[in-house]
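S.K.: just the structure for this:
(2 chains)
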Amino acid sequence: RKEVEQDPGPFNVPEGATVAFNCTYSNSASQSFFWYRQDCRKEPKLLMSVYSSGNEDGRFTAQLNRASQYISLLIRDSKLSDSATYLCVVNDGANYQLIWGAGTKLIIKP
Amino acid sequence: DTAVSQTPKYLVTQMGNDKSIKCEQNLGHDTMYWYKQDSKKFLKIMFSYNNKELIINETVPNRFSPKSPDKAHLNLHINSLELGDSAVYFCASSQDRADTQYFGPGTRLTVL
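M.R.: Numbering: from 1, shown residues only, chains lettered A, B, ... in the order given. Reported below is the predicted structural model:
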């Protein structure tokens, strides 16, 4: 089993819709969780950290489910500019190394 | 002001050559990284330095040698380039290990 797994997509979503995707992780000792966004031919950029209580930043909501070992990202009222690859990142617990998922590709259609 | 910068942005070279990629960060971070992102878009850690000390050295051919002259710089030297080395190489930095990482714009390496 991969340490961090994501559905590669692509998710094709109409503009204005709500979309959600999950990321599962294998190390129960993981303590830090992040969602990054990567646009085509660009570097990854932090979208949001994921806190135990869940957190919201505008149209974006991140949740952590420790029992089932997954994090989720919900995007409401999607915009064309949300089209990107969303990378799930989890620390490995022991070595403080960040483990990267392969990413979920999101395409927002007009 | 660019937080994490890399040079060159594009690098096209012949098999067998030796090349270097430079990275600099002006964020005052203690930890720097090199990642490789191949055509399948998977981001793989190669090396990590914390306070100029190598802390992560993944299974990478020894043709790849990182060098950190100071905390703000982490360069990557590649000897005897092979076709399979073609990828985008990203440099990143963070305040400490497992903190948020900030990436440079990437160096697109093409080996012919």
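S.K.: other SSEs contacting the least confident helix or strand in chain B by mean pLDDT?
M.R.: One helix or strand of chain B scores below all others by mean pLDDT, DSSP states H and E: strand B:53-57, with a mean of 79. Judged by 3 or more CB pairs under 8 Å, 6 or more residues apart in numbering or on different chains; DSSP states H and E, the packing partners of strand B:53-57 are strand B:43-50. Bear in mind the C-beta positions are built from the backbone N, C-alpha and C, glycine included.
S.K.: hmm, the strand it packs on touching chain A?
M.R.: Yes: counting by CB under 8 Å from any CB of the partner chain, contacts between strand B:43-50 and chain A involve B:43-45, B:48.
S.K.: contacting residues around that strand?
M.R.: With contacts defined as CB atoms under 8 Å, 6 or more residues apart in numbering or on different chains, strand B:43-50 is touched by A:44, A:87, A:97-98, A:100, A:103, B:30-38, B:54-58, B:60, B:64, B:66, B:68, B:74, B:76, B:90, B:96-97.
S.K.: quick one: it to strand B:53-57, angle?
M.R.: Between strand B:43-50 and strand B:53-57, the angle formed by their directions is 160 degrees, by axes from the mean of the first three to the mean of the last three CA atoms, to 10 degrees.
S.K.: and chain B, which of its residues are near chain A?
M.R.: So far as CB under 8 Å from any CB goes, chain B lies against chain A at B:40-45, B:48, B:56, B:90, B:96-98, B:100-106.
S.K.: list buried residues within those residues.
M.R.: Taking 16 or more other CB atoms under 10 Å in any protein chain shown as the criterion, what is buried in the residues of chain B next to chain A is B:42-43, B:45, B:48, B:56, B:90, B:97-98, B:100-106.
S.K.: chain B contacts on chain A?
M.R.: A:31-32, A:34, A:42-46, A:49, A:85, A:87, A:91, A:95-98, A:100, A:102-103.
S.K.: looking at chain A, which helix or strand is least sure?
M.R.: When each helix and strand of chain A is scored by mean pLDDT, DSSP H and E, strand A:98-100 comes last, with a mean of 88.
S.K.: quick check: neighbours of it in the sheet, parallel or antiparallel?
M.R.: Strand A:98-100 has the following strand partners under DSSP bridges: strand A:84-91 (antiparallel).
S.K.: so where do the helices sit in chain B?
M.R.: For chain B, no helices are identified by DSSP state H.
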